[in-house]
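K.L.:
below: sequence and its predicted model.
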Amino acid sequence: MSARTNAPVSTRTWRLGDLTVNRVGFGAMRLTGTAPFGGGVPRDRERSIGVLRRPVELGVNHIDTAAFYFSATRSANELINRALAPYPEDLVIATKVWPGRDPSGAWWWATPAQLRGQVEENLRQLGRDHLDVVNLRVPPSRRTGSIGDHFGALAGLREAGLIRHLGVSHVTSGQLAEARAIAPVVCVQNPYGIGSPSEDRSLLRLCGELGVAFVPFFAIAGSGREAGPAARDSETVYAVARAHQVSVAQVRLAWTLRQGPHVLAIPGTGDPDHLAQNMAAATLRLSDDESARLGSVGQ
């Protein structure tokens, strides 16, 4: 593995508890194939390893992953282990639990007692003795229900030393409050980007007031979600991209980062060219007018 450069992708940082991360990170979901969760064509193993090493060389020190990011022939966690171990001291790896997939790829949801097994599987695959950040990913069926039993189980694993910091994912403001009453929460990982509804923006602002990192996913994909960027974006987004001679993805990332100093980005890709574009988005400066016009998309 080549030496890290001294210049980070972005000079702006945020803290996840006692861990300092650069605001542009890397998401591992698309490392295993051209489509996530076993869809599409498997990625070339060495190419994926190279894609993983490059952002770390550029100063990225925050990687988002999960044990359920795997295809028939590739595991994101094991690729991370192969590419980056022994891990740089400042590298923060965040994972998520509650959802799981069996060897056939079928989804299942853990009980509070089963969360320890999911945490231990992440530890084994990553080759770690503890996990930096574990996000409790709330299932769609529980969007209005209590998460206390599950988050409490993770808090116990944190006390046992298996987890350093806790986060929550796909939550409401009420669920965030419930979790914070049980144990410290360092980040909220929710879908967010240009065109997001006003209630999502309210949660982003709340996190800023609380000093909690907001880590949006689907910032590039938008309504395309796991399938990738929607086939046709808003003309407003295209106009800003043309004005700066950059890609739509770069505009989406730059706008997302502009939403607050506590907002992080975890764009993911298995393509080296897309990786370079994503990293460059941190230097894209949008005007106040452009940011306002982009913020009105979908409103």
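P.N.:
Structure received.
K.L.:
which stretches of the chain form strands?
P.N.:
Under the criterion DSSP state E, the chain contains strands at 13-16, 19-22, 26-27, 62-64, 92-97, 99-101, 107-109, 131-137, 163-169, 187-189, 213-214.
K.L.:
so which of those strands is nearest residue 285?
P.N.:
Among the strands of the chain, the nearest to residue 285 by C-beta to C-beta is strand 19-22 (17.4 Å). No exception for glycine: its C-beta is placed from N, CA and C like everyone else's.
K.L.:
low-confidence ranges in the stretch 51-200 of the chain?
P.N.:
Counting by pLDDT under 70, the stretch 51-200 of the chain shows no low-confidence range.
K.L.:
which ones are touching residue 29?
P.N.:
Contact partners of residue 29, counting by C-beta atoms under 8 Å, 6 or more residues apart in numbering, are 36, 64, 65, 66, 69, 76, 226, 268.
K.L.:
between those residues, which has the most around it?
P.N.:
Among the contacts of residue 29, residue 76 has the most neighbours (other C-beta atoms under 10 Å), with 29 neighbours.
K.L.:
does it touch residue 69 like I think?
P.N.:
Yes - counting by C-beta atoms under 8 Å, residue 76 touches residue 69, with 3.7 Å between them.
K.L.:
anything in contact with each of these two?
P.N.:
The contact sets of residue 76 and residue 69 overlap at 28, 29, 31, 32 (C-beta under 8 Å, 6+ apart).
K.L.:
ok, those residues vs residue 121, which is closest?
P.N.:
Of the shared contacts of residue 76 and residue 69, the one sitting nearest to residue 121 (C-beta to C-beta) turns out to be residue 28, at 15.1 Å.
K.L.:
please tell me how far the closest one sits from residue 96.
P.N.:
Applying C-beta to C-beta, to the nearest Å, the value for residue 28 to residue 96 is 11 Å.
K.L.:
what residues are shared contacts of these two?
P.N.:
Contacts common to residue 28 and residue 96, judged by C-beta under 8 Å, 6+ apart, are residue 66.
K.L.:
neighbour count: the two, which is higher?
P.N.:
Counted by other C-beta under 10 Å, residue 28 and residue 96 do not tie: residue 28 has more neighbours, with 26 against 23.
K.L.:
so what's that one up against?
P.N.:
52, 63, 64, 65, 66, 69, 76, 77, 79, 80, 268.
K.L.:
tally of neighbours for the second one?
P.N.:
Spelled out, it's residue 63. By other C-beta under 10 Å, the residues close to residue 63 number 27.
K.L.:
you'd agree it is up against residue 22?
P.N.:
No - judged on C-beta under 8 Å, residue 63 makes no contact with residue 22 at a distance of 11.4 Å.
K.L.:
all helices for the stretch 101-250 of the chain, in order.
P.N.:
115-126, 148-159, 173-180, 198-210, 235-244, 248-257 (DSSP state H, counting those that start in this stretch).
K.L.:
neighbouring contacts of the fourth one?
P.N.:
Taking C-beta under 8 Å, 6+ apart as the criterion, the residues outside helix 198-210 that touch it are 171-173, 176, 180, 188, 190-192, 213-214, 216, 259-263, 299.
K.L.:
swap in 10 Å and give it another go.
P.N.:
Outside of helix 198-210, the residues within contact range by C-beta atoms under 10 Å, 6 or more residues apart in numbering are 171-173, 176-177, 180, 185, 187-188, 190-193, 196, 212-216, 256, 259-263, 295, 299.
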